[in-house]
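Asker: here's a sequence, model it:
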Amino acid sequence: MILSDACMYKKSKHAIIKFEQGYQQEEFLSHLFLKFKLYCFMVQPGKRLDLHGNRKGLIKSLWFKTFSHESFTQIWNLFYLKNSKQITEGLIKNHLSNIGLAYWIMGDGSLQKDKKRRAAPSYSKLYLYRKQNSKYGTKWKIWF
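Answerer: Purely as a prediction, here's the structure:
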């Protein structure tokens, strides 16, 4: 999920993970919350409301964050250099599993007319797609 919309913070010795998804992905975020609830002080995901427009007062997104933990710091060390998310050489090839790829697509994809979800990472798209295509033998396209 760190490859998609999740982010990490370090406010103490160890890192925390924050997950946030739009209201259309409520079921997916609930799934993630169930996976991580033992690492949360929250009893349910938080909700952000739209403050303007035709969705005013409706749920805009859902979110939760973990407490700090040493295992999250290990993930932090893979992704963050100088407090900035980075994709280093070998990260995709050596650490991205099939399940990780599925979570990446669910967390940062979009539904196209042909009904296939495509990941659209917000950073270094060309590098990531090249690594993903070489590891999984996919023929994904990149839209900027």
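Asker: list the buried residues in stretch 33-41.
Answerer: 33, 36, 39, 40 (16 or more other CB atoms under 10 Å). The way it works is simple: take the backbone N, C-alpha and C, and place the C-beta from them, glycine included.
Asker: start and end of it, how far apart?
Answerer: End-to-end distance of stretch 33-41: 11 Å, with CA to CA, to the nearest Å as the criterion.
Asker: and it, average pLDDT?
Answerer: Here stretch 33-41 scores 95 as its mean pLDDT.
Asker: can you list contacts of it?
Answerer: The contact list for stretch 33-41 (CB atoms under 8 Å, 6 or more residues apart in numbering) reads 17, 19, 44, 45, 64, 65, 66, 67, 69, 72.
Asker: among these, which ones are buried?
Answerer: 17, 19, 45, 64, 65, 66, 72.
Asker: and those residues, which two are furthest apart?
Answerer: Spatial extent of the buried ones among the contacts of stretch 33-41 (CB to CB) is set by the pair 45 and 72 at 18.0 Å.
Asker: so where's the protein shaky on pLDDT?
Answerer: Residue ranges of the chain with pLDDT under 70: 108-144.
Asker: do a quick rundown of the helices in it.
Answerer: For the chain, the helices defined by DSSP state H occupy 26-36, 70-79, 91-95, 98-108, 125-136.
Asker: can I get those in TSV with distance to residue 3?
Answerer: Shown next, in TSV, are these (distance: least, CB to CB, whole Å):
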stretch	distance to residue 3
helix 26-36	14
helix 70-79	8
helix 91-95	8
helix 98-108	5
helix 125-136	8
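Asker: what's the closest of these to residue 2?
Answerer: Residue 2 lies closest to helix 70-79 among these, at 5.1 Å (CB to CB).
Asker: relative to residue 57, how far out is residue 49?
Answerer: Here residue 49 is placed at a distance of 6 Å from residue 57 (CB to CB, to the nearest Å).
Asker: higher neighbour count, these two?
Answerer: Higher neighbour count among residue 49 and residue 57: residue 49, with 12 against 9, using other CB atoms under 10 Å.
Asker: contacts only, for that one.
Answerer: Contacts for residue 49 (CB under 8 Å, 6+ apart) come out as 57, 58, 59, 60.
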